[in-house]
Every structure is written in C-alpha cells, then in structure tokens.
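Student: got a predicted structure plus its sequence, pasted below:
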Amino acid sequence: MAILTSVKKLPQRTCIVCRGKNPKETMIRLASVEGEVKLDLEARLDGRGIYICSSKGCRLTELDAGKLSYSLKTTVTKDNTASITEQLRTSFKE
Ligand SMILES: [Zn+2]
C-alpha cells in the first residue's frame, strides 16, 4: 500500500455556476436523492453530486432548473430548484 506523504493533491470540483475549480472541501455539494435535489452540507448523501463554490456570486445566484437537470442527469423541477436556491441563501449568513 502506498502512502502519500509529500505532494498530496486535493480533489477538485468544478462549480456549476462559474465553472471555476476549487478544492472539494470548500465547495457546497448538491446531491440528487431519489429524484430530488438536496443541499448536502455534510457531503454525506449518496447519489450524483454537483458543486457550487462558496463565492457569494455563485451561492446567491438564481439556479436554473435546466442546468441542474443537465448536470445531475435527472429532471429537476422548478420548485425543487427554487427551494435549493432559498436554502443556499439562508444557510450561509455573511
Ligand atoms: Zn462558482
């Protein structure tokens, strides 16, 4: 078993809003669970996940149901999208 001690590469994820790459830990995960998108703040939910970076511009953006559906390869309803947008706005206070 190889143990990486020196150059440890942090896993990076692409923000679906700005397409910027950031370390996974700094990003907000959204997961599609049984057809419903949930805010996965603990990054513990199974299922396909997408990421939004923690910059204000991306967090507070109006998410698009079509974009979410495309990224998650599932149909995301407008209501679901609105609820996620709302949760993103209320979960992070600055
Ligand atoms: Zn971003």
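Tutor: That came through fine.

Student: okay, now residue 49: neighbour count?
Tutor: 20 (other CB atoms under 10 Å). C-beta coordinates here come from the backbone N, C-alpha and C atoms, glycine included.

Student: no wait, residue 57
Tutor: 9.

Student: with residue 34 instead?
Tutor: 8.

Student: so what's the closest residue to it other than its chain neighbours up against?
Tutor: In space, and not counting its chain neighbours, residue 34 is closest to residue 47: 7.9 Å by CB to CB, 6 or more residues apart in numbering. Going by CB atoms under 8 Å, 6 or more residues apart in numbering, residue 47 touches 31, 32, 33, 34.

Student: determine which two of those are furthest apart.
Tutor: Spanning the widest gap among those are 31 and 34, at 10.3 Å by CB to CB.

Student: ok, back up a step: save the contacts of residue 47 as TSV, and put in distance to the ion, pLDDT and secondary structure too.
Tutor: Below are the contacts of residue 47 laid out as TSV (distance: CB to the ion, whole Å; pLDDT from 0 to 100; DSSP: H, G, I helix; E, B strand; the rest coil):
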residue	distance to the ion	pLDDT	secondary structure
31	18	96	strand
32	19	94	strand
33	23	92	strand
34	27	89	coil
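
Student: now do the same end-to-end measure for stretch 9-25.
Tutor: With CA to CA, to the nearest Å as the measure, stretch 9-25 spans 12 Å from end to end.

Student: that one near the ion at all?
Tutor: Yes - using CB under 5 Å from the ion, stretch 9-25 reaches the ion at 15, 17, 18, 20.

Student: what's around the nearest residue to residue 20 once chain neighbours are set aside, how many residues?
Tutor: Of all residues not flanking residue 20 in the chain, residue 53 sits nearest, at 5.8 Å (CB to CB, 6+ apart). Using other CB under 10 Å, residue 53 has 22 neighbouring residues.

Student: and the contacts of residue 47, which of them are buried?
Tutor: By neighbour count, with 16 or more other CB atoms under 10 Å, the contacts of residue 47 hold 31, 32 as buried.

Student: ok, so of the contacts of residue 47, who is nearest residue 77?
Tutor: The closest of the contacts of residue 47, once distances to residue 77 are taken by CB to CB, is residue 32, at 11.8 Å.
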